[in-house]
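In: Compute the structure for the input listed below.
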Amino acid sequence: MKIEDLLTSKGKMKILKILFKNGQANISRIVRETGLNHKRVEKHLEELKTANIVIERRYGKLRIYEANLDNPQTLKLKKLLETLETL
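Out: Just a heads-up that it's a prediction; the model follows:
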């Protein structure tokens, strides 16, 4: 995923903010906090997983998502968002 695609997607950025803030969240919480519809959140999460920015953990039917902080790109995105929040 190109950084331009990520930064220009309000939905993906909203999801990442939630995951950076809370550490992890299930899809229902992400839907509730972003205000996006379920299908859109699923699509964004799938793209973020493919880019190795988000990790999905499954516990039976429950899926928990968290930012992949082992990925240097994810850490850079987190720092960028933190910097933008202070402006």
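In: now the helices: where do they sit in the chain?
Out: With DSSP state H, the ranges of helices along the chain come out as 3-7, 10-22, 27-34, 38-50, 72-85.
In: which one of those helices is the most hemmed in?
Out: Of these, the one with the most neighbours on average (mean count of other CB atoms under 10 Å) is helix 10-22, at a mean of 18. For glycine as for every other residue, the C-beta is placed from the backbone atoms N, C-alpha and C.
In: Against which helices or strands is that helix packed?
Out: In terms of contact count using 3 or more CB pairs under 8 Å, 6 or more residues apart in numbering; DSSP states H and E, helix 10-22 is assigned the packing partners helix 3-7, helix 27-34, helix 38-50, strand 54-59, strand 62-67, helix 72-85.
In: at 6 Å what do you get?
Out: Taking 3 or more CB pairs under 6 Å, 6 or more residues apart in numbering; DSSP states H and E as contact, the helices and strands that helix 10-22 lies on are helix 27-34, helix 38-50, strand 62-67.
In: Select, out of the ones you listed, the one closest to Met1.
Out: With CB to CB as the criterion, Met1 lies closest to helix 38-50 of these, at 6.5 Å.
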